[in-house]
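Colleague: Just a sequence and a predicted model for now, questions to come.
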There are 2 protein chains.
Amino acid sequence: MATVPRPGAYVCGIDAAMDVIGGKWKVLILWALGERPGCRFGELRRLVPGITEKVLAAHLRELEADGIVHREAYDEVPPRVEYTLTGAGRQLNEALAPLGAWGRAHVRGVPAHPAEARGAAARAAAPRAAEA
Amino acid sequence: MATVPRPGAYVCGIDAAMDVIGGKWKVLILWALGERPGCRFGELRRLVPGITEKVLAAHLRELEADGIVHREAYDEVPPRVEYTLTGAGRQLNEALAPLGAWGRAHVRGVPAHPAEARGAAARAAAPRAAEA
DNA sequence: GTGGGTGGTTACCCTGGGGTGAGCGAGCAG
DNA sequence: CTGCTCGCTCACCCCAGGGTAACCACCCAC
């Protein structure tokens, strides 16, 4: 993402947000965490097919540093770590909803998606600015 | 953007949209075009400080191919080309609005008003982490 | 004739995000 | 004892996106 920050950081809130969700898998991680709070690492890896452990770990770290996810590590014998969305993370997910609606409406090749039917993503009172 | 498409293309509408706006400057171009419809190439380049001609042209081509912008070329003596958002482009811009609001609310160093960004962004260094 | 403006295109280079694979330290099923 | 799981970390490599720069065709002002 922001290779070298643009001369003078952010121009508007959108590219600030883009910097946060700019990773290749960030939105999928966000989405998975929104559907399954308190998710564990391996579980997340299974929920986001194709991602590698290294990248998942790196993205989770960045999201944690950005205050999007909360990481709870239990010092148990088989190491257990749980990831949850923070308040900001939930709000980010909700802010992403109109974008998802746009993508479904305007990009070809987007499946109606089974997980969408689980309804967790749309459960919140999402701010719809663009629902035409 | 999606270097090699994920196994099975898009998972949800969000990453489809992310594929469209995944370029480094795409959202800024969208935003500038939303503010100034019928913008010309050089004007756009001035509105998006830091972008190079090559990248601007490439991004405009991609946005046009994605049906986000409409390109109107006038066959005049000093070549004149005008770029406008299509309906989908406008809706995309509107779908991005909540994201911008989120960025303004949760990321430090985001100017309250875009116009301030042009001058005051220089002092807003360290676009680093926020916290929960 | 020289320079600047218009809207690009082409060629080349370089950075870094992301892919690959291996390893670790402990426990537990087999 | 062996191998598998869990949650990472480290080392290495690759390629595509983006930066740099030159060039084009045309016209106007100086």
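Modeller: That came through, no problem.
Colleague: where exactly do the helices run in chain A?
Modeller: Using DSSP state H, the helices found in chain A span residues A:13-20, A:26-35, A:41-47, A:53-65, A:87-106, A:114-118.
Colleague: Can you add mean pLDDT and distance to chain B and give those helices back as JSON lines?
Modeller: No exception for glycine: its C-beta is placed from N, CA and C like everyone else's. Shown next, in JSON lines, are the helices of chain A (pLDDT from 0 to 100; distance: least, C-beta to the nearest C-beta, whole Å):
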{"stretch": "helix A:13-20", "mean pLDDT": "89", "distance to chain B": "3"}
{"stretch": "helix A:26-35", "mean pLDDT": "93", "distance to chain B": "5"}
{"stretch": "helix A:41-47", "mean pLDDT": "92", "distance to chain B": "10"}
{"stretch": "helix A:53-65", "mean pLDDT": "94", "distance to chain B": "4"}
{"stretch": "helix A:87-106", "mean pLDDT": "93", "distance to chain B": "3"}
{"stretch": "helix A:114-118", "mean pLDDT": "43", "distance to chain B": "7"}
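Colleague: Double-check A:W102 against B:D19; I have them as touching.
Modeller: No: the pair A:W102 and B:D19 fails to qualify as a contact (C-beta atoms under 8 Å) at a distance of 12.0 Å.
Colleague: most neighbours per residue, which of the helices of chain A?
Modeller: helix A:13-20 (a mean of 26; mean count of other C-beta atoms under 10 Å in any protein chain shown).
Colleague: List every C-alpha atom in that one, with coordinates, as PDB.
Modeller: Provided in PDB are the C-alpha atoms of helix A:13-20 (Å, rounded to 0.1, in the frame of the first residue of the first chain):
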ATOM      1  CA  GLY A  13     -10.700  10.200   4.800                       C
ATOM      2  CA  ILE A  14     -11.100   7.800   2.000                       C
ATOM      3  CA  ASP A  15      -7.500   7.200   1.300                       C
ATOM      4  CA  ALA A  16      -6.800   7.000   5.000                       C
ATOM      5  CA  ALA A  17      -9.300   4.200   5.100                       C
ATOM      6  CA  MET A  18      -7.700   2.800   1.900                       C
ATOM      7  CA  ASP A  19      -4.400   2.700   3.700                       C
ATOM      8  CA  VAL A  20      -6.000   0.600   6.400                       C
END
